[in-house]
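Chemist: Just to be clear, the model below is a prediction. Sequence and coordinates:
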Amino acid sequence: MKSTLNKTDEVNGTILIELEKADYQEKVDKSLNQFRQKAEIPGFRQGKVPKSVIQKLYGKSVLIDEINKIVTEEVSNFVRENKLKILGEPLTDISEDKQVDLDKDETFKFYFNVGLTPEFDLPIGKDTEHIYYSVDLEEDLLDKQIDSYKQNYGTYLKIEEEAIETDLIKGTLTEVENGEVKEDGKVIENAILMPSYLKDETVKSDFVGSKVGDSIIFNPKKAYDNNEAEVASLLQTTKEEIKDINPDFKFDIKEVTRYKEADLNQELFDRVLGEGAAATEEDFREKIKEELEKQFKPNADHLFIHEMRDIIVGQIKDVKFPDEFLKRWLLESSENRTEEQIEEDYPKILEDLKFHIVKQKIIEDNEIKIEFKDIEALAAEVARAQFAQYGMTNLPADVLQNYTKSLLEKEESIQNLYEKATEDKVIDWLKENITVIDKKVSSKEFNEIMTAHSHSHSEHDEDNHDLEHDHEESSKQSEERTSEETNQ
């Protein structure tokens with residue numbers, strides 16, 4: 001067996017696989033013999049069918065299968081062993097003079113067209129300048145976040161003074177009839193309500209200004225404007241059970257509690273950031289500001305690499321690609337795309353492919369590696385960021401560890417983390433190898449920049465992930481197609 005690559009130009013070529021009879025006949029004979037041992041053909045005992053009969057019945061199909069296996073494996077091996085950087089996957093040459101005649105020939109030649117990744121120098125260096133945005137958080141937004149922490153970490157305190165709308169009033173609810181306690185009526189020992197939720201203004205006014213020891217008679221359905229869910233919650237029963245009743249109740253007030261937001265002190269600092277992380281209000285504000293500004297970093301990185309993509313793609317616009325090959329590959333590998341759609345989509349697909357190749361070149365030329373510890377660290381960072389969005393910055397170590405572990409148990413999550421870790425390292429390399437102009441903007445300005453960017457760069461599927469890949473990963477598809485074409 002002989003395999004060669006014949007280049008028609010720097011980005012197109014043909015792999016030629018030449019098979020002699022000696023390369024396949026032994027395997028064909030072995031397969032036919034296996035058929036002979038198992039075949040059940042009328043007029044012959046199992047295992048005693050003449051070879052000529054087996055050859056006539058199964059010879060051609062077995063020949064096709066064995067040749068297909070040999071050729072598919074050889075194409076994969078040839079690409080791998082010669083370290084060919086191909087785009088898409090090899091496609092059978094459909095030229096009329098390249099067809100195989102299984103009935104006449106014993107020596108076969110198989111031709112596979114390939115698209116080759118072009119060679120070029122990275123078009124960026126220190127003479128390339130680009131802005132990297134970072135957010136300088138506005139003081140009013142910082143104040144709002146700190147007020148939120150004070151509210152979230154506050155407590156309810158018992159009071160003896162008159163109740164206001166937002167106090168919690170606790171006591172015993174007793175069903176009454178004509179102003180008197182109803183015999184065998186409902187009694188709710190631990191009833192609780194907040195006047196601000198009462199819909200009827202008269203009932204609300206009875207509770208606002210009340211205090212421990214007071215008794216108030218009211219109709220819950222009237223108080224909540226017949227909201228069954230709220231009435232059922234107050235009476236600690238179901239909506240079904242309160243549908244047919246409309247009694248008055250007496251509320252004997254046992255306790256009034258008022259919410260007091262947390263003081264801006266060491267206890268709050270420790271609860272939000274962790275023990276000892278901040279010792280003064282100034283430290284606390286600075287660290288909260290840093291945490292909030294970090295939440296803009298993923299979008300800042302996204303903006304940076306997308307804008308660098310536009311610059312780089314523009315600088316390699318004259319690099320030659322195997323356009324006709326790629327269009328054919330897209331057509332053959334896409335069930336739902338027509339030739340017209342591929343022509344229309346191709347310019348955008350090619351842009352994506354170009355940047356994908358640049359990223360791969362950066363990774364290979366600089367021996368950038370992604371290790372599992374990188375993925376673990378990123379998973380922990382993602383977990384912290386997700387909780388931070390809800391104001392949960394001081395997570396217990398076991399909670400963070402368990403959530404991180406759950407991310408690393410899913411194959412899809414690991415793949416996403418791997419891709420993100422790879423992109424992060426590419427971003428770091430770009431920052432080190434071009435001239436970065438750091439620019440601080442307010443969160444409002446940054447959001448406006450991101451909105452404008454989103455409008456000018458519509459999100460799309462990155463078809464380039466299908467165009468350049470390890471040939472071994474596509475061997476199954478290649479085998480299926482080779483088999484079909486050999487049969488034809």
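Modeler: Yes, it's here.

Chemist: now the strands: where do they sit in this protein?
Modeler: Assigned by DSSP state E, the chain shows strands spanning 2-9, 12-19, 86-92, 108-116, 129-135, 155-159, 168-177, 180-181, 187-193, 215-218, 248-260, 435-441.

Chemist: Would you format those strands as TSV with distance to residue 242 and mean neighbour count included?
Modeler: All C-beta spots, glycine's among them, are computed from the backbone N, C-alpha and C. Output for those, formatted as TSV (distance: least, C-beta to C-beta, whole Å; neighbours: other C-beta atoms under 10 Å):
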stretch	distance to residue 242	mean neighbour count
strand 2-9	82	12
strand 12-19	79	19
strand 86-92	68	23
strand 108-116	73	22
strand 129-135	51	16
strand 155-159	27	12
strand 168-177	12	18
strand 180-181	19	10
strand 187-193	12	16
strand 215-218	15	15
strand 248-260	11	17
strand 435-441	55	12
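
Chemist: could I get those strands as TSV with mean pLDDT and distance to residue 406?
Modeler: Shown next, in TSV, are these (pLDDT from 0 to 100; distance: least, C-beta to C-beta, whole Å):
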stretch	mean pLDDT	distance to residue 406
strand 2-9	94	47
strand 12-19	94	45
strand 86-92	93	36
strand 108-116	94	41
strand 129-135	96	30
strand 155-159	94	32
strand 168-177	96	36
strand 180-181	92	54
strand 187-193	95	36
strand 215-218	96	48
strand 248-260	96	34
strand 435-441	97	36
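
Chemist: what's the burial count for residue 271?
Modeler: By other C-beta atoms under 10 Å, 15 other residues sit near residue 271.

Chemist: Surely it and residue 153 touch.
Modeler: Yes - look at residue 271 against residue 153 with C-beta atoms under 8 Å: they come within range, at 5.5 Å.

Chemist: Please report the distance of residue 101 from residue 267.
Modeler: In this view, residue 101 and residue 267 are 88 Å apart by C-beta to C-beta, to the nearest Å.

Chemist: would a markdown table of the strands of the chain with distance to residue 420 be doable?
Modeler: Converted to a markdown table, those look like this (distance: least, C-beta to C-beta, whole Å):
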| stretch | distance to residue 420 |
| --- | --- |
| strand 2-9 | 36 |
| strand 12-19 | 34 |
| strand 86-92 | 24 |
| strand 108-116 | 28 |
| strand 129-135 | 18 |
| strand 155-159 | 40 |
| strand 168-177 | 45 |
| strand 180-181 | 66 |
| strand 187-193 | 47 |
| strand 215-218 | 57 |
| strand 248-260 | 41 |
| strand 435-441 | 21 |
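
Chemist: Where does the prediction get shaky in this protein?
Modeler: The chain contains residues with pLDDT under 70 at 45, 47, 391, 395, 458-488.

Chemist: Could you chop it up by domain?
Modeler: 2-117+483-487, 129-144+281-467, 155-260 (automatic domain parsing).

Chemist: re the thing from before, overlap in contacts of residue 271 and residue 153?
Modeler: Any residue near both residue 271 and residue 153 by C-beta atoms under 8 Å, 6 or more residues apart in numbering counts here, and that gives residue 262.

Chemist: circling back to that earlier point, residue 101 and residue 267: which is more packed in?
Modeler: Legend: neighbour count by other C-beta under 10 Å for residue 101 and residue 267, higher for residue 267 (11 against 7).

Chemist: re the thing from before, nearest approach to residue 450 belongs to which of the strands of the chain?
Modeler: Closest to residue 450 of the strands of the chain, according to C-beta to C-beta: strand 129-135, at 9.0 Å.

Chemist: same for that closest one, what does it pack against?
Modeler: For strand 129-135, the packing partners by 3 or more C-beta pairs under 8 Å, 6 or more residues apart in numbering; DSSP states H and E come out as helix 297-315, strand 435-441, helix 443-456.

Chemist: follow-up on the earlier one: out of the strands of the chain, which comes closest to residue 201?
Modeler: For the strands of the chain, proximity to residue 201 was assessed by C-beta to C-beta; strand 215-218 is nearest, at 12.2 Å.

Chemist: Counting by contacts, list what the closest one packs against.
Modeler: Using 3+ C-beta pairs under 8 Å, 6+ apart: strand 215-218 touches helix 201-207, strand 248-260.

Chemist: so which of the strands of the chain gets nearest residue 375?
Modeler: strand 129-135 (24.6 Å).

Chemist: Spell out which strands sit alongside the closest one in the sheet and which way each one runs.
Modeler: strand 435-441 (parallel) (DSSP bridges).

Chemist: Now do the partner strand: everything it contacts.
Modeler: The contact list for strand 435-441 (C-beta under 8 Å, 6+ apart) reads 126, 127, 128, 129, 130, 131, 132, 133, 134, 135, 136, 449.
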